[in-house]
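Novice: no sequence on this one, just coordinates:
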């Protein structure tokens, strides 16, 4: 038995504190083999606290989970650890999986986990950190030892997520999506995404992992929901699957089983507007019966040409409106995701995005600023067209900054405009033509 310290890079300002389903699953697998796990969460824990505790605990291994926008801070924490104690550090998560060489080129990173880590970390520990493990890349005499991708776990064989490593405020965070503050419990039923949106890393991740969507057994999901309902006090479940409605037959099986279970706890999930239409209205009716109260969907932009050509989302405005109206018919609340700050958009396009949300009567809207993730089609496009700012530009939040050159507006004003749209929805807003002078915003 060994002690593993996990560091969850989670310091972006969001609507509420969040957990990492992936780290919770890794912790459950490590504990199933008798190992101990202590997690540090940068949403709560300052660097000095993390370093002090690691120095005290002297774990066998330190795992740092990071996304791209958190990577600078992750590298800083790794350096601070190495300054006080020489413990092996392994980076994991979406960014290290997509950019393993970039991570290993940092002198303070010893290993990178490429892919999903449930099996790989246990295998690494069983080899006392020394043997070759699929998915674990490491430095070796000045070069990089590349060991492919981690063995993809069979999701139906995984233990339930270990929520105990997270703070209570993160396990049942309180958010307000237009109907008052509600505490939510995050749970997953499947992994992977079938789509190839050009701004999202999922397209490349599918190629790296060499697998598509994988589902848990519905009965296992419902059994876990029963257990969580007995153990925790919260208002509603939220499924973190990329697109909960992708498999309609599975949704029917879940809804019928959930009603029969008697849990009677409301739930919400993520999906796409083209998954909700009159041809599958029976699914929406069944969701309402089983106490679905909220669906989150991406509108992204009000300009169909941009949505289809640049974002690779072949969904028309009419389809989007139909989806939101159908949810309203069955009294299911809707949350829309939208982005502004694309290098190829205009103020008129931003107006269309806002107006489409109003037309859809979305109950809550989320406006964020476009970020070109490495490994995505739009990242390659932005690099080719010289739309990226200097590499020194740092961004910690999709709401507070941008790394894109915006010809139609200053960076300060695009952030100000995002806040204005978020704050004033669903009031009528008319952006002032092509002047791009946002001094009128108060």
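Specialist: Looks like it arrived, so ask away. Every value quoted in this text rests on a predicted model; they were computed, and no experiment measured them. Residues are numbered from 1 along each chain as shown.

Novice: what about the strands in the stretch 201-350 of the chain?
Specialist: Defined through DSSP state E, counting those that start in this stretch, the strands belonging to the stretch 201-350 of the chain, from first to last, are 214-215, 236-239, 267-271, 292-300, 333-340.

Novice: Let's have those strands in JSON lines, adding distance to residue 395, mean pLDDT and mean neighbour count.
Specialist: Where C-beta positions appear, they are placed from N, C-alpha and C, glycine not excepted. What follows is the strands of the stretch 201-350 of the chain, written out as JSON lines (distance: least, C-beta to C-beta, whole Å; pLDDT from 0 to 100; neighbours: other C-beta atoms under 10 Å):
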{"stretch": "strand 214-215", "distance to residue 395": "32", "mean pLDDT": "96", "mean neighbour count": "16"}
{"stretch": "strand 236-239", "distance to residue 395": "26", "mean pLDDT": "98", "mean neighbour count": "20"}
{"stretch": "strand 267-271", "distance to residue 395": "23", "mean pLDDT": "98", "mean neighbour count": "21"}
{"stretch": "strand 292-300", "distance to residue 395": "19", "mean pLDDT": "98", "mean neighbour count": "23"}
{"stretch": "strand 333-340", "distance to residue 395": "14", "mean pLDDT": "97", "mean neighbour count": "22"}
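
Novice: Which stretches in the stretch 1-150 of the chain count as helices?
Specialist: Listed in chain order, the helices of the stretch 1-150 of the chain (DSSP state H, counting those that start in this stretch) span 21-32, 47-57, 71-84, 94-98, 100-104, 118-126.

Novice: Repeat that for the stretch 251-400 of the chain.
Specialist: Assigned helices in the stretch 251-400 of the chain, in chain order: 281-289, 304-305, 317-329, 347-360, 377-384 (criterion: DSSP H, counting those that start in this stretch).

Novice: show me the contacts for the closest residue to residue 99 other than its chain neighbours.
Specialist: On the basis of C-beta to C-beta, 6 or more residues apart in numbering, the spatially nearest residue to residue 99 that is not a chain neighbour turns out to be residue 374, at 5.7 Å. For residue 374, the residues meeting the contact criterion (C-beta atoms under 8 Å, 6 or more residues apart in numbering) are 68, 95, 98-99.

Novice: can you list the weak-confidence ranges in this protein?
Specialist: The chain contains residues with pLDDT under 70 at 13-15, 391-394, 432-442.

Novice: if we go to 50?
Specialist: Low-confidence regions of the chain, defined here as pLDDT under 50, cover residues 392, 434-442.

Novice: quick one, phi psi at the residue nearest to residue 99?
Specialist: phi -60, psi 140 (degrees, to the nearest 10).

Novice: what's the distance between it and residue 205?
Specialist: Residue 374 sits 12 Å away from residue 205 when distances are taken as C-beta to C-beta, to the nearest Å.

Novice: for the nearest residue to residue 65 once chain neighbours are set aside, what are its contacts?
Specialist: Leaving aside its chain neighbours, residue 65 sits nearest to residue 93 (4.3 Å; criterion: C-beta to C-beta, 6+ apart). The contact partners of residue 93, by C-beta under 8 Å, 6+ apart, come to 9, 22, 65-67.

Novice: roughly how far apart are residue 93 and residue 280?
Specialist: Distance, residue 93 to residue 280, by C-beta to C-beta: 34 Å.

Novice: any idea how far residue 211 is from the residue nearest to residue 65?
Specialist: In terms of C-beta to C-beta, residue 93 sits 18 Å off from residue 211.

Novice: again with residue 308
Specialist: Residue 308 sits at a distance of 27 Å from residue 211 (criterion: C-beta to C-beta).

Novice: just the helices of the stretch 1-150 of the chain: most buried one?
Specialist: Among these, helix 94-98 has the highest mean neighbour count (mean count of other C-beta atoms under 10 Å), at a mean of 23.

Novice: and that helix, how far out from the chain's middle?
Specialist: Relative to the mean C-alpha coordinate of its chain, helix 94-98 is positioned 13 Å out (C-alpha atoms, centre = their mean, to the nearest Å).

Novice: same question, stretch 74-91
Specialist: With C-alpha atoms, centre = their mean, you get 25 Å for stretch 74-91.

Novice: So what touches it?
Specialist: Contact with stretch 74-91 is made by 7, 9, 42, 47, 50-51, 54-55, 58-66, 103, 106, 108-113, 121, 124, 129, 136, as judged by C-beta under 8 Å, 6+ apart.

Novice: ok, back up a step: out of the helices of the stretch 1-150 of the chain, which is closest to residue 180?
Specialist: Closest approach to residue 180 among these is made by helix 21-32 (25.6 Å; C-beta to C-beta).

Novice: what angle sits between the closest one and helix 118-126?
Specialist: Relative orientation of helix 21-32 with respect to helix 118-126: 40 degrees, computed using axes from the mean of the first three to the mean of the last three C-alpha atoms, to 10 degrees.

Novice: Are there helices or strands packed against helix 21-32, and which ones?
Specialist: In this structure, helix 21-32 packs against strand 3-8, strand 36-41, strand 61-65, helix 118-126, with contacts taken as 3 or more C-beta pairs under 8 Å, 6 or more residues apart in numbering; DSSP states H and E.

Novice: can I get the ones you listed in a markdown table with distance to residue 190?
Specialist: Putting the helices and strands packed on helix 21-32 into a markdown table (distance: least, C-beta to C-beta, whole Å) gives the following:
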| stretch | distance to residue 190 |
| --- | --- |
| strand 3-8 | 22 |
| strand 36-41 | 24 |
| strand 61-65 | 20 |
| helix 118-126 | 15 |
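
Novice: For residue 388, which of the ones you listed is the nearest?
Specialist: Using C-beta to C-beta, the nearest of the helices and strands packed on helix 21-32 to residue 388 is strand 61-65, at 25.3 Å.

Novice: How far off centre is stretch 322-331?
Specialist: Using C-alpha atoms, centre = their mean, the offset of stretch 322-331 from its chain centre is 25 Å.

Novice: do stretch 379-399 as well
Specialist: In terms of C-alpha atoms, centre = their mean, the centre of stretch 379-399 is found 19 Å from the chain centre.

Novice: Span of that stretch from start to end?
Specialist: Distance across stretch 379-399, first residue to last, is 19 Å (C-alpha to C-alpha, to the nearest Å).

Novice: residues of that stretch that come out buried?
Specialist: When neighbours are counted by 16 or more other C-beta atoms under 10 Å, the buried residues of stretch 379-399 are found to be 379, 381-382, 387, 395, 398-399.

Novice: Over to stretch 306-325?
Specialist: With burial defined by 16+ other C-beta under 10 Å, the residues of stretch 306-325 counted as buried are 306-307, 310-313, 315, 317, 319-324.
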